[in-house]
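Student: structure, please.
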Amino acid sequence: MVGDSFLWIQLLLTKGVASVFFLSFLIQLRQFQGLAGENGILPVKEFVKQEKFWNSVSIFHLVNSDLALKFASVTGLLMSLLVIIGIPSLLSPLFSSIIWFLMWLLLLSFYNTGQEFYSHYWDLILLEAGFLCIFFGGIYTESSELLILLFRWLLFRMMLGSGLIKIHGDDAWTDLSALKYHFETQVFPNPFSWHWHHLPDKLLELGVVGTHLILLILPFFYFLPQPFAATAGVITILYQIILFLGGNYTWLNLITAILALSTFNDNLLTTLLGNNTFISTAAYPYSSTPVLLAGFIAVLSLPVLKNMLSKNQAQNVTFDSLHLVNSYGAFEYVNRERREIILECLTDEGWEEYLHYEKPGPVNEIPPQVSPYFHRLDYPFKFADENPEERQEWLEKLMKKLKQGSGQVESLFREIPEKEPNNIRASLYKYRFTTPEERGETGNWWKREYEKILAVKN
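Tutor: Residues are numbered from 1 along each chain as shown. Okay, here's the model as predicted:
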């Protein structure tokens, strides 16, 4: 690897990560006020009164008005766009690093104060990747071999952690039955999920075997000489495309595919694209800053490694308040049944549903394709019936805001009842995909069965 050039790989990584930052700030701009604004479900201003600064580092401890939240979102969008265009890297390495630091700080501020709606590991992945981009400098800065290795280290932990958590977790991953349930019970199915759910059992079992091979073995190839590392990177990207076709995983597939670009070098890129203009100077592997950064991350990685190798491995945990190095894992357990909380309001015309963008509702609606964008309100609904204590506060406050007719909160839904609500209730339904025969007869994608009422707001 020594002597390889990574200048163009560095450029692709920075523009790719900046693109996901842009997407994240767009979501903040459109949704954060309804979630945690002054009149949102879980206001930041109330949260920071109870939380110490170093436990949740955020500029919103200082300013948290709706105007400040919107300004932070717009600022993040503009800075991300500048990086995508390439302006900071053209001006100076210092300016580029400052822009990346500010982007990272803004995203950290949203994550640390978003509470229930920001407890997602894809945000942690983006924060880690953004932190590493601070040290890249500009386009005229020699590429660093160590920095590329740190991106591979992040990718390695993501992939291997997801593989180990399955082995340590649900028996469905070891008896190869996981995919028989997964496509029906995953957080947000997409238009292909119904079809994949009805694939032959043997093919679904083979898919579990392939998942284990990719997650448990492939990551070690990221650190081998070429062409092994790049081959592993290509397989990782193809795997992310397959996952994308099977469900909505927000920007998780996108950021993983971007990180997989770190397994290439400029020479391979030149060969693949047949473009000699991509030839650049060799990496400078041992400059002081990357060495210090690598040592710092190595120390922070010790508890991460301990967690990954533990039989009691915890899923998606962070060990420092800045979330610089985290332990990842996905789908530790596979639900055998799907339950959905449906919000309904009583109007003069009877009970009417609040319709979400992503989570299942009416049984005749095809599961939508939304990712890499996603709607943060929809996500905690999936686990609310499993964690009644955690759901109580945010769900009751959500129902209260809807009863009051809060426009910011109502904007988080795809469709709301036109009439003013008299009462609002949260009802629990059991959902399952229709069989091919049922869908042929009714045209419905889902079949649901009412179970009970969880909460009522009069």
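
Student: which stretches in this structure count as strands?
Tutor: 317-318, 326-327, 338-347, 350-353, 423-433, 446-457 (DSSP state E).

Student: report all helices and strands that the last one contacts.
Tutor: Read it as strand 446-457. Contact here means 3 or more CB pairs under 8 Å, 6 or more residues apart in numbering; DSSP states H and E; on that basis strand 446-457 packs against strand 338-347, helix 388-404, strand 423-433. (C-beta placed from N, C-alpha, C; glycine too.)

Student: please work out the average pLDDT along it.
Tutor: Across strand 446-457, pLDDT averages out at 90.

Student: cool, the second one as well?
Tutor: Averaged over strand 326-327, pLDDT sits at 92.

Student: picking that back up, which of the strands of the chain sits closest to residue 145?
Tutor: Comparing the strands of the chain by their distance to residue 145 (CB to CB), the top pick is strand 326-327, with 23.4 Å.

Student: show me what contacts residue 330?
Tutor: Going by CB atoms under 8 Å, 6 or more residues apart in numbering, residue 330 touches 121, 162, 165, 252, 315, 316.

Student: in helices only, show me these.
Tutor: Within the contacts of residue 330, residues falling in helices by DSSP state H are 121, 162, 165, 252.

Student: do you know how far the second one is from residue 137?
Tutor: Counting by CB to CB, to the nearest Å, the separation of residue 162 from residue 137 is 31 Å.

Student: hmm, back to that, among the ones in helices among the contacts of residue 330, who's most crowded?
Tutor: Ranked by neighbour count (other CB atoms under 10 Å), the ones in helices among the contacts of residue 330 have residue 165 at the top, with 25 neighbours.

Student: quick one: pLDDT of that one?
Tutor: Reported pLDDT for residue 165: 93.

Student: surely it touches residue 311?
Tutor: No: using CB atoms under 8 Å, residue 165 is not in contact with residue 311; the gap is 11.2 Å.

Student: what is the burial count for the closest residue to residue 48 other than its chain neighbours?
Tutor: Closest residue to residue 48 apart from its sequence neighbours, by CB to CB, 6 or more residues apart in numbering: residue 61 at 4.8 Å. Residue 61 has 18 neighbours, counted by other CB under 10 Å.

Student: so residue 61 is in contact with residue 49, correct?
Tutor: No: using CB under 8 Å, residue 61 is not in contact with residue 49, being 9.5 Å away.

Student: got the contact list for residue 321?
Tutor: Neighbouring residues of residue 321 by CB under 8 Å, 6+ apart: 54, 55, 56, 57, 112.

Student: which residue sits closest to the third one, ignoring its sequence neighbours?
Tutor: Closest residue to residue 56 apart from its sequence neighbours, by CB to CB, 6+ apart: residue 112 at 4.0 Å.
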